[in-house]
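Chemist: I need the structure of the sequence given here:
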Amino acid sequence: MNISSPSTSDGINIWRTWALTVTYEAGEYTKQKFKAEKTGGDPVIPSPNLDADLVMACDRLADVLIKAYKNSIQMQMDIARYSKLITAKDMGHNEQREAKLLERCPPGHEGKKLVDKPATILDASSAIIAWYLPDALTDTTQDSENVGSAPGCINISPAWFQQGHENLSDPEVSASLKGPSSENILKGIARPAAIASVALRVMHPEQ
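Modeler: Residues are numbered from 1 along each chain as shown. Modelled structure (predicted):
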């Protein structure tokens, strides 16, 4: 058993036998590729630990991320102020409440705007509040996520069905992961979960 713990650029030690190593290296590759595309830096070489499908998935993701970054849409909404006005009870169903929020925090443009290509949405302070990433997933990634689940449904968390609900007990593994297809489901969501983590490495690096 290889228990060496290589140091990363962030000062994080990761055992080479950990499954998270591949996700970390995929994230590092995509982050560096995104940075190089943004600043005009040198080409980035992927780690040999990443298989060809994952490298292609990261390349596709980095390409869509950079297109979105370069296609920003400015709004006059102050997202920090808006976040202080809303509560957990604001579900978007109270028309009067929504009208008051819209009046206090107008979006800054008239009518609706069609967005049909990768884009980032900026608030009044130029902070990115949303990323729109169409076609960011390769066909291989999309095919892998459909094992044991409904097409187009990415269940990244084993306890996803309990999130957002008040529970008196600790989260449990869902019934589908207790059945005979559990191993296939976990293998199926591994790549989409890695890609989601990779995307967040670029979009929310501090998290």
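
Chemist: where does Ser149 land on pLDDT?
Modeler: For Ser149, the pLDDT comes out at 55.

Chemist: let me redo that: Ser157
Modeler: Per-residue confidence (pLDDT) for Ser157: 56.

Chemist: check which residues of stretch 88-103 are buried.
Modeler: Neighbour counts over stretch 88-103 (16 or more other Cβ atoms under 10 Å) mark Leu101 as buried. Where C-beta positions appear, they are placed from N, C-alpha and C, glycine not excepted.

Chemist: for this structure, give me the ranges with low pLDDT.
Modeler: 1-19, 108-111, 144-172, 206-207 (pLDDT under 70).

Chemist: biggest helix in this protein, by residue count?
Modeler: The longest helix of the chain (DSSP state H) is helix 182-203.

Chemist: export that one as PDB, just CAs?
Modeler: The C-alpha trace of helix 182-203 is given here as PDB (Å, rounded to 0.1, in the frame of the first residue of the first chain):
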ATOM      1  CA  SER A 182     -25.900   0.600  -5.400                       C
ATOM      2  CA  GLU A 183     -22.400  -0.100  -6.700                       C
ATOM      3  CA  ASN A 184     -23.300   0.700 -10.300                       C
ATOM      4  CA  ILE A 185     -25.000   4.000  -9.100                       C
ATOM      5  CA  LEU A 186     -21.900   5.000  -7.200                       C
ATOM      6  CA  LYS A 187     -19.700   4.300 -10.100                       C
ATOM      7  CA  GLY A 188     -22.100   6.200 -12.400                       C
ATOM      8  CA  ILE A 189     -22.100   9.400 -10.300                       C
ATOM      9  CA  ALA A 190     -18.400   9.400  -9.700                       C
ATOM     10  CA  ARG A 191     -17.500  11.300 -12.900                       C
ATOM     11  CA  PRO A 192     -20.400  13.800 -12.700                       C
ATOM     12  CA  ALA A 193     -19.500  14.400  -9.000                       C
ATOM     13  CA  ALA A 194     -15.800  15.000 -10.000                       C
ATOM     14  CA  ILE A 195     -16.800  17.400 -12.700                       C
ATOM     15  CA  ALA A 196     -19.100  19.300 -10.300                       C
ATOM     16  CA  SER A 197     -16.200  19.700  -7.900                       C
ATOM     17  CA  VAL A 198     -13.800  20.700 -10.700                       C
ATOM     18  CA  ALA A 199     -16.300  23.400 -11.800                       C
ATOM     19  CA  LEU A 200     -16.600  24.800  -8.300                       C
ATOM     20  CA  ARG A 201     -12.800  24.900  -8.000                       C
ATOM     21  CA  VAL A 202     -12.900  27.600 -10.700                       C
ATOM     22  CA  MET A 203     -16.200  29.300  -9.800                       C
END
